[in-house]
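In: below are the sequence and a predicted model; questions follow.
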Amino acid sequence: MIVDLSNLLEIAKKAARIAGEEILKIYDSGDFSVESKADNSPLTLADKAAHKAIVNVLKKTNIPILSEEGRDISFDERSKWNYFWMVDPLDGTKEFIKKNGEFTVNIALIHAGKAVLGVVYPPVLGDLYWAAEKSGAFKDQNGVVEQLNTSKKKLTDSGVKVVASRSHMSEETERYISKFTEADIVSKGSSLKFLLIASGKADVYPRFAPTMEWDTAAAHAIVSEAGGSVVLQDGITSLTYNKENLLNPYFIALPS
């Protein structure tokens with residue numbers, strides 16, 4: 001199967017924007033109708049509306065779709081997929097409910113265990129982030145497009161900006177951060193954490209807590225094309241996709 005990444009990227013960007021419009025309708029109405037999913041994480045009307053909007057656009061590509069809000073698809077079935085869309089229609093549902101604006105629409109294209117295309121759209125902020133393999137990473141802010149590049153700061157320098165939660169930091173994360181000299185903690189919700197790395201506004205993002213593949217795939221593509229990497233705790237092995245268990249191992253997003 002030969003795919004046209006530039007064409008698929010435009011389709012994914014369109015899907016993300018339309019999903020964002022659906023999310024904002026509900027966000028502005030204040031009627032979230034929150035319910036709990038099987039893992040007790042919150043699910044809102046906005047998650048469902050965004051999922052429906054994205055599927056409506058992406059289905060025209062005839063590429064399979066794996067969405068957080070879609071049906072469960074067995075590993076036996078999806079392991080045969082050459083390319084597929086991996087979607088989180090609303091990443092940061094808790095942020096959405098808090099109304100702090102720090103949530104995103106995440107759309108990635110996966111091929112051979114790797115995110116080869118990614119679109120991340122925070123609808124409240126209105127900026128659109130995207131990347132495609134070997135084509136760079138970009139941000140569109142009110143029609144002004146800029147290329148993204150990760151920080152050139154060495155992690156051995158003092159004042160390294162570390163992306164972490166100020167309110168609930170695990171002991172493992174605290175230990176990791178303690179290795180840096182005068183680390184500066186930067187905090188954001190959802191995939192915006194990765195975008196701080198991709199745009200050079202932060203230097204390292206250790207994630208020693210559970211995440212799913214759809215939480216990371218789109219932003220992983222953007223970090224990679226901005227010059228960074230998303231690796232396991234060994235600092236070498238890249239985070240991969242379409243595993244039998246869609247739960248990610250702990251990882252670190254690095255500027256190179």
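Out: The structure has been received and is ready for your questions.
In: mean confidence score for stretch 72-85?
Out: The pLDDT scores in stretch 72-85 average 97.
In: mind listing what's buried in stretch 91-103?
Out: The neighbour-count check on stretch 91-103 (16 or more other Cβ atoms under 10 Å) flags 91-93, 95-96, 101-103 as buried. All C-beta spots, glycine's among them, are computed from the backbone N, C-alpha and C.
In: just those residues: which are in helices?
Out: Among the buried residues of stretch 91-103, the residues falling in helices (DSSP state H) are 93, 95-96.
In: what about residue 26, neighbour count?
Out: 20 (other Cβ atoms under 10 Å).
In: that one sits in which helix or strand?
Out: helix 5-29 (DSSP states H and E).
In: just the buried positions in that helix, please.
Out: Buried-residue list, helix 5-29, by 16+ other Cβ under 10 Å: 5, 8-9, 11-13, 15-20, 22-23, 26-27.
In: list the contacts for residue 164?
Out: Counting by Cβ atoms under 8 Å, 6 or more residues apart in numbering, residue 164 touches 173, 177, 185-187, 205-206.
In: which of the ones in helices among the buried residues of stretch 91-103 sits closest to residue 35?
Out: residue 93 (10.8 Å; Cβ to Cβ).
In: can you redo the buried residues of stretch 91-103 as a markdown table with distance to residue 81?
Out: A markdown table is the format used below for these (distance: Cβ to Cβ, whole Å):
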| residue | distance to residue 81 |
| --- | --- |
| 91 | 22 |
| 92 | 27 |
| 93 | 26 |
| 95 | 30 |
| 96 | 29 |
| 101 | 34 |
| 102 | 31 |
| 103 | 27 |
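In: just for the stretch 1-150 of the chain, where's the confidence low?
Out: 32, 36-43 (pLDDT under 70).
In: how about the helices in it?
Out: Here the stretch 1-150 of the chain has its helices, by DSSP state H, counting those that start in this stretch, at 5-29, 45-58, 75-78, 93-98.
In: out of those, nearest to residue 109?
Out: Here helix 5-29 is closest among these (Cβ to Cβ), at 6.0 Å.
In: what does that closest one contact?
Out: In contact with helix 5-29 (Cβ under 8 Å, 6+ apart) are residues 32, 44-46, 49-54, 56-58, 60-61, 63, 85, 89-90, 96, 99, 103, 105, 107, 109, 116-117, 119-121, 123-124, 128, 130, 132-133, 135.
In: having no further points to raise, I will conclude here.
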